[in-house]
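S.K.: For reference, the sequence and a predicted model appear below.
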Amino acid sequence: SSFNMLRVAISRLSCATSGALRSNLLTSTKSQVYAVTGISQNLLPRRLIGSEIETEPDEVFDARWEAFFKNDNLDRNTYRRGLDELFGYDLVPEPKILNAAFRAARRLNDVAIPVRILEVVRDKAGSNKEIYPYILEQTKEVRNELGISTPEELGIDTA
């Protein structure tokens with residue numbers, strides 16, 4: 001139908017024009033991540049950009065993001081940009097990264113974002129029914145300590 005053709009055309013136009021914008025946004029966000037964490041920019045996050053595939057060891061990735069969220073100088077805007085960058089990857093973050101993000105949210109007095117983080121994790125887990133319960137189990141201690149409810153406990157789960 002013409003609606004589907006319009007959707008495809010808009011999608012393709014969006015993809016074509018967003019490449020340069022995404023590149024600039026990624027570069028500025030990366031710089032902010034490294035400025036806040038004090039980690040060398042030689043450890044830049046690696047993504048699939050165009051036809052280039054760059055990789056970063058899992059341990060380095062995890063350590064970088066855990067350090068990002070543990071930084072006491074993290075402000076609300078940088079925190080949210082960091083979450084956006086983190087969830088832009090095709091992965092579910094490790095529980096230690098999520099625990100650090102939950103603690104950062106508490107330091108910033110943001111009570112809603114941990115619930116949103118859990119919603120994103122559930123969505124990113126997709127059809128793999130083992131990931132989300134694993135994340136809930138591994139983050140249970142920190143969630144209980146900080147008083148963070150799950151979307152299911154709040155009755156706002158839509159899946």
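M.R.: Thanks, I have the structure now.
S.K.: Could you list the buried residues of stretch 119-127?
M.R.: For stretch 119-127, a neighbour-count test (16 or more other C-beta atoms under 10 Å) marks 119, 121-122, 124-125 as buried. Every residue, glycine included, has its C-beta placed from N, CA and C.
S.K.: can you check stretch 64-73 too?
M.R.: 64-69, 71.
S.K.: Just the CA trace of the strand or helix carrying residue 118, in CSV.
M.R.: Using DSSP states H and E, the element containing residue 118 is helix 113-125. This file holds the C-alpha atoms of helix 113-125, laid out as CSV (Å, rounded to 0.1, in the frame of the first residue of the first chain):
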residue,chain,number,x,y,z
ILE,A,113,14.9,5.9,35.8
PRO,A,114,15.8,2.6,37.4
VAL,A,115,12.3,1.3,36.5
ARG,A,116,12.8,2.5,33.0
ILE,A,117,16.2,0.8,32.9
LEU,A,118,14.5,-2.5,33.8
GLU,A,119,11.9,-2.0,31.1
VAL,A,120,14.6,-1.5,28.5
VAL,A,121,16.5,-4.5,29.7
ARG,A,122,13.3,-6.6,29.5
ASP,A,123,12.7,-5.3,25.9
LYS,A,124,16.3,-5.9,24.9
ALA,A,125,16.2,-9.4,26.2
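S.K.: mean confidence for it?
M.R.: The average of the pLDDT scores along helix 113-125 is 94.
S.K.: Pull the residues that contact it.
M.R.: 79-80, 83, 87, 91-93, 98, 101-102, 105, 131-132, 135-136, 143, 146, 148-151, 154, 156-157, 159 (C-beta atoms under 8 Å, 6 or more residues apart in numbering).
S.K.: Around residue 93, how many other residues sit close by?
M.R.: 24 (other C-beta atoms under 10 Å).
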